[in-house]
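Q: this one's structure only:
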């Protein structure tokens with residue numbers, strides 16, 4: 001924690017060279033991309049993409065799960081998605097899963113999660129349960145299939161369906177390899193994840 005505090009204390013001094021950029025941020029935000037990814041500390045969207053402050057609107061959930069849209073039952077995730085699409089007018093949404101994902105791994109292995117009931121109940125939103133090789137620590141196949149499921153789930157959100165139909169929005173499935181730093185993107189024509 002100490003190094004984080006020291007970094008925060010010196011941030012203003014170090015950011016003085018970007019004073020104009022930060023001044024513009026005070027006027028509002030206009031990110032082009034909503035980046036949905038896992039809460040995992042090893043996944044850092046700005047580091048992966050090189051985005052500067054104001055360029056990515058982020059939604060981080062355990063297992064990068066997009067819960068089902070339910071009319072009349074507000075969730076923070078649905079509010080974030082709706083705000084990004086309707087208010088900020090993002091033109092792209094990336095769902096980025098990652099290797100060695102604890103949430104997807106727990107689902108694949110069918111771990112007993114009774115000690116963490118909130119986690120257990122949250123992971124029920126991952127239906128259908130991702131399938132993959134139980135002994136694969138990277139859970140690559142399971143995570144990639146899970147990313148595609150979340151993209152399908154996004155299509156059920158009214159604001160997204162409307163923008164997709166109008167040709168104003170594109171959805172992207174990414175897979176980040178924690179152990180190599182590589183990013184793969186889903187290619188619809190081959191239905192595989194390929195290097196960016």
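A: Here it is on my side, so go on. Computed from a prediction, not measured in an experiment: that's the story for all the values here. Numbering: from 1, shown residues only.
Q: got any ranges where this structure has weak pLDDT?
A: Low-confidence segments of the chain, defined by pLDDT under 70, span residues 7, 11-18.
Q: for it, just list every one of the strands.
A: Counting by DSSP state E, one finds strands in the chain at the ranges 33-38, 56-61, 92-98, 170-176, 183-187, 192-195.
Q: reformat the ones you listed into CSV and put distance to residue 140 and mean neighbour count next to each item.
A: Using the backbone N, CA and C atoms, a C-beta is placed for each residue, glycine as well. What follows is the strands of the chain, written out as CSV (distance: least, C-beta to C-beta, whole Å; neighbours: other C-beta atoms under 10 Å):
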stretch, distance to residue 140, mean neighbour count
strand 33-38, 14, 24
strand 56-61, 20, 19
strand 92-98, 9, 24
strand 170-176, 7, 20
strand 183-187, 9, 16
strand 192-195, 9, 12
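Q: include distance to residue 71 when you put the ones you listed into JSON lines, please.
A: Putting these into JSON lines (distance: least, C-beta to C-beta, whole Å) gives the following:
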{"stretch": "strand 33-38", "distance to residue 71": "21"}
{"stretch": "strand 56-61", "distance to residue 71": "20"}
{"stretch": "strand 92-98", "distance to residue 71": "21"}
{"stretch": "strand 170-176", "distance to residue 71": "21"}
{"stretch": "strand 183-187", "distance to residue 71": "29"}
{"stretch": "strand 192-195", "distance to residue 71": "33"}
